[in-house]
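Participant: any chance you could fold what I've pasted below:
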Amino acid sequence: MGCAMIETGSSSGTLRAEIEALQFWRGPVALRPLVGGLCNDNFVAQDSSGTYVVRSGRDIPIHGIFQGFVQTAMRAATEIGVTPALRYATPNITVIDFVEGRHLQSEDIRNEAILTALVGRIRKLHDGGEAIRGSLSYFWPFHVVRQYVRYCLENGSRLKDEIEVLGDHAASLERMVSPFRPTFTHNDVVPQNIMLNERGQVLLIDWDYGAYGHPLFDLAGITANADDCDEVEPKILNLYAGGSHYELWKQFRLFKLIVNLREALWGAVQEIASPLDQEIVQAGMASIYPDQEQGYSGYTELNRKRFYRNFAQFKTLYG
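Facilitator: Numbers count the residues shown, from 1 in each chain. Modelled structure (predicted):
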């Protein structure tokens, strides 16, 4: 998704004052809003020691976001070396290194050097579970979809006539999942959560869903959020696993579908649940998906269409 649903209970002025009072700063700190996500309260902060990104968040049960787990994931990812370093944290605020660079664009995954670096970063993350200290959640996308289906049905989603069918599709896909070994996973590998710094290094950001989970959910996320990139998928599996076979292909495509469905239903939930100012949401959508309707409904429809298109292909291949 574009970013996690992070809504602080503080007004802008109160939040700024809280950030400025952090004991991390060396001298006066200058803050400016960081625009580009769909819903986060983010700032760029500069003091005499350097430039940082400050993020404010709270627990959001409907999305399975709990700040203690988020910070556990951030600390582990920092130790592994796959993310801008976490420098300071309070229960609801994190300060991380600012990265000079840009977010990946969907077309970047066709660049062999970038794709190789991205898959390498994900593999390094998946192999780095020993860096986790403390409790961490377990992310199961099929459970997430079930939660979203219930929420949409109970709260009058505009998609109510097809929500149960989408839930049935998810249940049928879940029954096809093969045994696997859980790893440390990011679980939100969308282009806007991948940074390319000035040295050409790929870094993962936004750890709201960092957890133990299925490695293919991360890998499938690379192309599930891009269109017309079938030629890239064999390269992903070759880079990650050294090759591919029938069952691996089936599992990859299965998880690509559940990525699409999770993203679509996340948007549907946000259409109902988010009290965030629509101008903020529209600005975030415009910066990420300029060709789509500027709002949560645009995000919902983008991923809903992707799901149905990829589901038809999956049924043709696997029945």
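
Participant: low-confidence ranges, the stretch 151-300 of the chain, go.
Facilitator: 228, 275-294 (pLDDT under 70).

Participant: now the strands for it?
Facilitator: Ranges of strands in the stretch 151-300 of the chain, per DSSP state E, counting those that start in this stretch, are 183-185, 194-197, 202-204, 211-213.

Participant: could I get the contacting residues of Phe139?
Facilitator: 64, 185, 187, 209, 211-213, 217 (C-beta atoms under 8 Å, 6 or more residues apart in numbering). C-betas here are computed from N, CA, C, even on glycine.

Participant: mind running it again at 6 Å?
Facilitator: Applying C-beta atoms under 6 Å, 6 or more residues apart in numbering, one finds that Phe139 lies in contact with 187, 209, 211, 213.

Participant: any idea how far Phe252 is from Leu216?
Facilitator: Noted for Leu216: a distance of 6 Å to Phe252, by C-beta to C-beta, to the nearest Å.

Participant: what count of nearby residues applies to Ser49?
Facilitator: 12 (other C-beta atoms under 10 Å).

Participant: circling back to that earlier point, switch the strands of the stretch 151-300 of the chain over to JSON lines; also include mean neighbour count.
Facilitator: Converted to JSON lines, those look like this (neighbours: other C-beta atoms under 10 Å):
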{"stretch": "strand 183-185", "mean neighbour count": "23"}
{"stretch": "strand 194-197", "mean neighbour count": "20"}
{"stretch": "strand 202-204", "mean neighbour count": "22"}
{"stretch": "strand 211-213", "mean neighbour count": "20"}
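
Participant: and those strands as TSV, adding distance to Val177?
Facilitator: TSV is the format used below for the strands of the stretch 151-300 of the chain (distance: least, C-beta to C-beta, whole Å):
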stretch	distance to Val177
strand 183-185	15
strand 194-197	25
strand 202-204	24
strand 211-213	12
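
Participant: to Ile122, which of these lies closest?
Facilitator: Of all the strands of the stretch 151-300 of the chain, strand 202-204 sits nearest to Ile122, with 7.7 Å by C-beta to C-beta.

Participant: packing partners for that closest one?
Facilitator: In terms of contacts (3 or more C-beta pairs under 6 Å, 6 or more residues apart in numbering; DSSP states H and E), strand 202-204 is packed against helix 112-126.

Participant: and the helix it packs on, what's buried?
Facilitator: If you call a residue buried by 16 or more other C-beta atoms under 10 Å, then helix 112-126 has these buried ones: 114-115, 117-119, 121-123, 125-126.

Participant: so what secondary structure elements neighbour it?
Facilitator: With contacts taken as 3+ C-beta pairs under 6 Å, 6+ apart, helix 112-126 sits against strand 202-204, helix 233-241.

Participant: how about a cut-off of 7 Å?
Facilitator: helix 67-80, strand 183-185, strand 202-204, helix 215-224, helix 233-241 (3 or more C-beta pairs under 7 Å, 6 or more residues apart in numbering; DSSP states H and E).

Participant: about what we covered before: which of the strands of the stretch 151-300 of the chain sits closest to Leu239?
Facilitator: Checking the strands of the stretch 151-300 of the chain against Leu239 by C-beta to C-beta gives strand 202-204 as the closest, at 12.5 Å.

Participant: list the contacts of that closest one.
Facilitator: By C-beta atoms under 7 Å, 6 or more residues apart in numbering, the residues outside strand 202-204 that reach it are 77, 82-84, 99, 114, 117-118, 121, 125, 186, 193-197.

Participant: let's go with 8 Å and repeat that
Facilitator: Contact partners of strand 202-204, identified using C-beta under 8 Å, 6+ apart, comprise 77, 82-84, 99, 104, 114, 117-118, 120-122, 125, 186, 189, 193-197.

Participant: got it, and stretch 114-123?
Facilitator: Stretch 114-123 is touched from outside by 82, 104, 108-109, 186, 189, 194, 196, 200-204, 215, 218-219, 222, 232, 235-236, 239-240, with contacts defined as C-beta under 8 Å, 6+ apart.

Participant: ok, now which ones touch Ala226?
Facilitator: Here Ala226 is in contact with 106-107, 109, 191, 232 (C-beta under 8 Å, 6+ apart).

Participant: leaving out sequence neighbours, find the closest residue to Phe307.
Facilitator: Nearest residue to Phe307 in three dimensions, chain neighbours excluded: Asn260, at 3.8 Å (C-beta to C-beta, 6 or more residues apart in numbering).

Participant: what's the burial count for Tyr246?
Facilitator: With other C-beta under 10 Å as criterion, Tyr246 counts 9.
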